[in-house]
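*Asks:* Predicted structure and sequence below. I'll ask about it afterward.
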Amino acid sequence: MITIKEIAKQCNVSPSTVSNILNGRTNVGEQTRQRVLDYVEEIGYQPNYFAQSIRKQSTRMLGIITEDLTTFGTNPIVEAIMAHCDDHNYRTVLMNLRLYKKWQDTLWYEEREQLEEAVRPVIQESISIKVDGIIYVAGHCRVIDCFPKNFSIPTVIAYGMAKDEKYPCVIIDDEKGGYDIARYLTS
């Protein structure tokens with residue numbers, strides 16, 4: 001894999017100039033910028049996101065944990081999250097627990113230990129890839145209590161209520177939605 005230093009050598013500029021250009025800074029002359037960008041495109045250079053994240057202490061990556069991607073409201077929520085991340089230069093990692101498919105008719109969501117066991121490896125993966133934050137998308141609205149007490153990654157719960165106040169929640173109001181639909185049709 002080619003490095004910024006090698007690009008700089010080929011383009012007769014300093015590594016910091018290449019870095020400035022690749023990071024969109026405007027303190028570089030237009031001819032130099034174009035020469036570097038043309039070379040970068042020619043060789044198909046891709047930045048090393050992991051190296052960048054070590055330097056910046058941020059991966060610009062969010063983890064999305066879904067209980068099951070096939071449930072009614074999950075897809076639109078995930079699509080909106082990903083669209084926002086795309087617009088703001090964040091990458092997403094989607095981790096689908098597939099709980100409804102795995103456990104089908106059981107009332108797994110009432111078994112805290114069972115849910116914690118399913119979520120634990122995904123949390124460990126999120127920690128290891130150093131996501132900047134997690135959005136947990138519940139399959140249906142209920143209290144979510146599956147994160148460890150000392151969990152330090154900023155986390156938001158969608159379509160559920162957190163037992164622990166440190167986790168902000170976004171709740172879809174199904175009851176109000178039903179009322180609004182019926183009111184519209186009856187008016």
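*Replies:* Happy to help now that I have it. Residues are numbered from 1 along each chain as shown.

*Asks:* Low-confidence regions, the protein specifically.
*Replies:* Within the chain, the segments meeting pLDDT under 70 span 48-57, 104-112.

*Asks:* Skip the chain neighbours and tell me the closest residue to G133.
*Replies:* Of all residues not flanking G133 in the chain, P154 sits nearest, at 4.4 Å (Cβ to Cβ, 6 or more residues apart in numbering). For glycine as for every other residue, the C-beta is placed from the backbone atoms N, C-alpha and C.

*Asks:* distance of that neighbour from R183?
*Replies:* Using Cβ to Cβ, to the nearest Å, P154 is found at 37 Å from R183.

*Asks:* Between those two, point out the one with more neighbours.
*Replies:* P154 (14 against 9; other Cβ atoms under 10 Å).

*Asks:* re the thing from before, so what's the residue nearest to G133 up against?
*Replies:* Applying Cβ atoms under 8 Å, 6 or more residues apart in numbering, we find P154 in contact with D132, G133, I134.

*Asks:* got it, and G133?
*Replies:* The contact partners of G133, taken as Cβ under 8 Å, 6+ apart, are L62, G63, I153, P154, T155, V156.

*Asks:* Tell me if the last one really is in a strand.
*Replies:* Yes. Checked against DSSP: H, G, I helix; E, B strand; the rest coil, V156 lies within a strand.

*Asks:* how many neighbours does it have?
*Replies:* Neighbour count for V156, taken as other Cβ under 10 Å: 16.

*Asks:* Enumerate the positions of the longest helix anywhere in the chain that are buried.
*Replies:* Criterion DSSP state H: the longest helix present in the chain is helix 112-128. Across helix 112-128, burial judged by 16 or more other Cβ atoms under 10 Å covers Q114, L115, A118, V119, V122, I123, S126.

*Asks:* mind checking how far that helix is from the chain centre?
*Replies:* 16 Å (Cα atoms, centre = their mean, to the nearest Å).

*Asks:* which one among the buried residues of helix 112-128 gets closest to K5?
*Replies:* Sorting the buried residues of helix 112-128 by distance to K5 puts S126 at the head of the list, at 32.1 Å, by Cβ to Cβ.

*Asks:* Can you spell out which residues form a bridge with the closest residue to that closest one other than its chain neighbours?
*Replies:* Nearest residue to S126 in three dimensions, chain neighbours excluded: G63, at 4.5 Å (Cβ to Cβ, 6+ apart). Applying DSSP bridges to G63 gives these bridge partners: V93, I134.
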